[in-house]
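Trainee: Here is the input, now give the coordinates:
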Amino acid sequence: MSARQAIREPTECDRQGDRDRRGSRCLLGCLSLCYGEWLLASARQVSRKSLLLRPDIWICFSLESESKMTDESKMTDEIKKTEECIRGAQELREKFQKDPQRPAYHFTPPWAWMNDVNGPLFWKGRYHVFYQHKPNGAYRKLVESEPARMRWGHASSADLVHWTHHPIALTPTPGGPDSGGCNSGGVVVNNGVATFIYWADPGGLCLATSDDPELIRWTKHPANPVMPNPEPDAPYRVHDPCAWKHGDLWYTLCGSRDPDGRDVAYLFKSQDLIHWEYLHPFYDSNPRWIEDGEDCAVPDFFPLGDKHMLLFCSHLTGTQYYLGRYEDDRFYLEQHARMSWPGGLLSGGFTMLDEKGRRIFLDWIREARTPEAERASGWSGVMTLPRILSLAEDGSLAIEPVPEVEVLRLNHRRHENIRLTADSELTLDDVRGDRLELAVEVDAGDLPEFGVKVRCSPGGEEQTAIVLNPGAKTLSVEMGESSQDESIQYLYYRWAKESPDGKLTIDAQSAPFALADGESLKLRIFLDRSVLEVFANGRQCVTQRIYPTRSDSLGVVLFSRGGSVNVKSVDAWDMAATAE
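Mentor: Residues are numbered from 1 along each chain as shown. Presented below is the predicted three-dimensional model:
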């Protein structure tokens, strides 16, 4: 054996030492022992002097070994981290799959918290939706006095049904004007460039742009905040904005509450989205329509038919809207209606216009679970099914689910000509489940109370009733028996404020709804585990969260109260899951 060959033999010890996950000192010690043994074994063949004359071999060998060890150690650490992530992802996926309350075909964040829908946009053939997101856990913030540090979550879809989650679009910049959070806002297209306008904490209004066709990468404007938060004595406030272009000018609204405790939106104009001039309050609030203490949060202003619509959310009562005339930089209110009523949970919607000219509405459905239950589940917040908003012939708002959701239908069942006698019930034995679409048509006539119960347990311990009351002219969802979980509560107002009759909670959400003479009732009911959306005759929709605890709460029942009913037809479909 030559001296050169013998000197290379200790590299086996190097590799073995690394496999044993020893540190560099152990490795060098092992190498020293190996060299010592080799020196004794090789003394007859190679003189000690010849080794000492080649210090370069020792140095190169030591550096090469340490370098290999460091690279392999880094790779080992990376493998550990990756496999820990895989195990965590598997555990979270299994947890969500087993969660009986997590919706399967409504949009939910991939994990953790979501709230307001922000700036949805149809862009280059895809529907993009952005939303307030807290990726750390299913909570907005843990300490009330601290900023929420919200992000903008992002997802897109080719069909409004199957959504792809993307990386977070906006995240706070430490030390920047949005260090406390990238809060709600909208999106516009400025000279072909998608542009966010959002309220930043603590700075004010900020901009971000994207030249990415998939809207993945965004760049914050160097002039941020383009509209700083004003001094306390200023005649306006800066809050969640929306923006639009009219003529050669850009306009933005900042919704708020005026000093008298009424809803208000402040109007600004600009030539370039950067330099803004305050104009005046955009409209005059009408106390006949709005309760004291309501505000105009998350505004979205857009044309609809020959009118304009101002969609907004009150922090007290939830999502609502005005219809009216837009003239001379002012909005003249003609109609007001709500999309969420006492006990309801819609709280931050927005719209987009697609290539078909459809005005697509999406909203955030809050939870009725305790904050602890939300955090333990790992997710909070759901989005409504996309809805098409339009003007009916009488100038009122028409509301329909997008037809794209019909692709999810499976296992069609149909029942026709069902006669319900007074105060009777009929269980549809072949229609059961927690993911269903039901289409129910009831003949016109002198209707008594009629309804459909879903998520019914065999003994009726859990059930949720959808009720038409012609006398009261209401469409209601009754939640009093929806869940045996006593922690589930439906607040009268969004926050813990007593109702006019002194109640904090309510067990039914009731929307105004009346049938015209000779008009039949047509319900479309979408059930997705803990989410319930009820569309009535294309002009009303009641949205609710329910949380049955029993695995057998799957039944569907038709019922009448106070008179007989002729049910013309019931169509039922199971609905395919779009998320695992």
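Trainee: Just want to check the distance between Gly480 and Lys453.
Mentor: The gap separating Gly480 from Lys453 is 12 Å, by CB to CB, to the nearest Å. Just so you know, the C-beta spots here come from the backbone N, C-alpha and C atoms, and that holds for glycine as well.
Trainee: the helices in this structure, which residues?
Mentor: Assigned by DSSP state H, the chain shows helices spanning 3-8, 11-19, 24-42, 48-52, 55-98, 371-377.
Trainee: Quick one: mean pLDDT over the fifth one.
Mentor: Okay, so that is helix 55-98. Regarding helix 55-98, the rounded mean pLDDT is 79.
Trainee: Repeat that for the shortest one.
Mentor: Across helix 48-52, the average pLDDT comes to 40.
Trainee: residue ranges with poor pLDDT in the stretch 401-550 of the chain?
Mentor: Along the stretch 401-550 of the chain, no part satisfies pLDDT under 70.
Trainee: sorry, back to before: Gly480 and Lys453 - which one has more neighbours?
Mentor: Lys453 (20 against 12; other CB atoms under 10 Å).
Trainee: The residue most central in space within the chain - nearest residue in space that isn't next to it in sequence?
Mentor: The residue lying closest to the centre of the chain (CA atoms, centre = their mean) is Met114, at 4.5 Å. In this structure, Met114 finds its nearest non-sequential neighbour in Gly381, 3.7 Å apart by CB to CB, 6 or more residues apart in numbering.
Trainee: if I pick the one you found, what's in contact with it?
Mentor: 108-109, 113-115, 364-367 (CB atoms under 8 Å, 6 or more residues apart in numbering).
Trainee: quick one, phi/psi of it?
Mentor: phi 100, psi 140 (degrees, to the nearest 10).
Trainee: Now do it against Met75, distance only.
Mentor: 39 Å.
Trainee: now Thr474
Mentor: The spacing between Thr474 and Met75, counted by CB to CB, is 66 Å.
Trainee: between those two, which one's more packed in?
Mentor: Thr474 (20 against 10).
Trainee: shouldn't the more buried one be in contact with Leu515?
Mentor: No - Thr474 lies out of contact with Leu515 (CB atoms under 8 Å); the separation is 11.6 Å.
Trainee: can you list the domains in the chain?
Mentor: According to automatic domain parsing, the chain comprises the domains 3-97, 112-401, 412-575.
Trainee: hang on, the earlier thing: pull the contacting residues for the residue nearest to the centre of the chain.
Mentor: If you count contacts by CB under 8 Å, 6+ apart, then Met114 has 108, 131-134, 153, 364, 380-381, 383 around it.
Trainee: Leaving out the residues flanking it, which one is nearest to Thr384?
Mentor: Asp363 (4.7 Å).
Trainee: Which pLDDT value belongs to that neighbour?
Mentor: 98.
Trainee: Return the residues in contact with it.
Mentor: 117, 319, 339, 346-350, 383-384, 543.
Trainee: go with 7 Å
Mentor: Counting by CB atoms under 7 Å, 6 or more residues apart in numbering, Asp363 touches 117, 319, 346, 348-349, 384.
Trainee: Can you give me the distance of it to Phe268?
Mentor: Taken as CB to CB, the span from Asp363 to Phe268 is 25 Å.
Trainee: Ok, Cys85 next?
Mentor: From Cys85 to Phe268 the distance is 45 Å (CB to CB).
Trainee: So for these two, which sits in the more crowded spot?
Mentor: Neighbours per residue (other CB under 10 Å) separate Cys85 from Phe268, with Phe268 holding more: 21 against 10.
Trainee: Is that one bridged to anything, and to what?
Mentor: Thr252, Tyr278 (DSSP bridges).
Trainee: Let's see the pLDDT reported for it.
Mentor: In this model, Phe268 is scored at 98, pLDDT.
Trainee: got it, and the one 4 residues further on?
Mentor: Among the per-residue scores, Asp272 shows a pLDDT of 98.
Trainee: Out of the contacts of Met114, list just those in strands.
Mentor: Of the contacts of Met114, the ones assigned to strands by DSSP state E are 131-134, 153, 364, 380, 383.
Trainee: CSV for the residues you listed, including distance to Asp446 and neighbour count?
Mentor: Shown next, in CSV, are these (distance: CB to CB, whole Å; neighbours: other CB atoms under 10 Å):
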residue, distance to Asp446, neighbour count
Tyr131, 45, 28
Gln132, 47, 27
His133, 50, 26
Lys134, 51, 22
Gly153, 49, 26
Trp364, 39, 25
Ser380, 44, 24
Met383, 39, 23
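Trainee: which one among the contacts of Gly381 gets closest to Glu416?
Mentor: If you rank the contacts of Gly381 by distance to Glu416 using CB to CB, Ile365 comes first, at 32.9 Å.
Trainee: How about Leu333: which residues does it bridge to?
Mentor: Bridge pairing for Leu333 (DSSP bridges) gives the partners Gly324.
Trainee: how deep is the residue nearest to Ser256 when sequence neighbours are not counted tucked in, by neighbour count?
Mentor: Nearest non-adjacent residue to Ser256, counting by CB to CB, 6+ apart: Arg237, 4.2 Å away. Neighbour count for Arg237, taken as other CB under 10 Å: 17.
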